[in-house]
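Colleague: based on what follows, work out the 3D shape:
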Amino acid sequence: MIGKIIGAYAGDKLAKQTSGLGIGGAGGAALGVVAASVLRRMSLPAMIALGAGGYVAKKLYERNEAKKTPTQTIVSETEETPTAAAA
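Modeller: Prediction:
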């Protein structure tokens with residue numbers, strides 16, 4: 001019972017952090033309860049494989065996001081810009 005409460009609390013907090021997915025606090029709490037129940041029935045090798053897979057997926061996602069966002073060049077105010085030099 002305590003595991004379900006802790007799972008619900010963690011799911012609620014996680015759902016509030018990732019509000020872009022459309023899952024509210026109650027939905028996150030429900031997912032936390034389900035996750036706690038599923039993890040209790042999994043074997044240790046399956047848990048390790050799930051954790052490693054999540055880590056790899058996160059790294060791949062971050063790498064793809066870094067490729068999508070262009071790097072910005074910062075121009076200091078002391079340098080002349082082409083429009084300022086022409087004026």
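Colleague: remind me, longest helix of the chain?
Modeller: When the chain is parsed with DSSP state H, its longest helix is helix 44-68.
Colleague: now that one: average pLDDT?
Modeller: Confidence for helix 44-68, expressed as mean pLDDT, is 89.
Colleague: elements contacting that helix?
Modeller: The contact analysis (3 or more C-beta pairs under 8 Å, 6 or more residues apart in numbering; DSSP states H and E) places helix 44-68 against no helix or strand. Where you see a C-beta, it was placed from the backbone N, CA and C, and this is true even at glycine.
Colleague: again, only this time at 10 Å
Modeller: Judged by 3 or more C-beta pairs under 10 Å, 6 or more residues apart in numbering; DSSP states H and E, the packing partners of helix 44-68 are helix 25-41.
Colleague: which parts of the helix it packs on are buried?
Modeller: 28, 29, 30, 31, 32, 33, 36 (16 or more other C-beta atoms under 10 Å).
Colleague: let me know the angle separating that helix from helix 44-68.
Modeller: Orientation of helix 25-41 against helix 44-68 (axes from the mean of the first three to the mean of the last three C-alpha atoms, to 10 degrees) gives an angle of 140 degrees.
Colleague: C-alpha coordinates for helix 25-41, PDB please?
Modeller: Output in PDB follows, covering the C-alpha atoms of helix 25-41 (Å, rounded to 0.1, in the frame of the first residue of the first chain):
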ATOM      1  CA  GLY A  25      -1.600  15.300 -12.000                       C
ATOM      2  CA  ALA A  26      -4.300  12.700 -11.600                       C
ATOM      3  CA  GLY A  27      -3.200  10.900 -14.800                       C
ATOM      4  CA  GLY A  28       0.400  10.900 -13.600                       C
ATOM      5  CA  ALA A  29      -0.700   9.500 -10.200                       C
ATOM      6  CA  ALA A  30      -2.500   6.700 -11.900                       C
ATOM      7  CA  LEU A  31       0.500   5.900 -14.100                       C
ATOM      8  CA  GLY A  32       2.700   6.000 -10.900                       C
ATOM      9  CA  VAL A  33       0.400   3.400  -9.300                       C
ATOM     10  CA  VAL A  34       0.500   1.200 -12.400                       C
ATOM     11  CA  ALA A  35       4.300   1.600 -12.700                       C
ATOM     12  CA  ALA A  36       4.800   0.600  -9.000                       C
ATOM     13  CA  SER A  37       2.700  -2.600  -9.600                       C
ATOM     14  CA  VAL A  38       4.500  -3.500 -12.800                       C
ATOM     15  CA  LEU A  39       7.900  -3.000 -11.300                       C
ATOM     16  CA  ARG A  40       7.100  -5.200  -8.300                       C
ATOM     17  CA  ARG A  41       6.400  -8.100 -10.600                       C
END
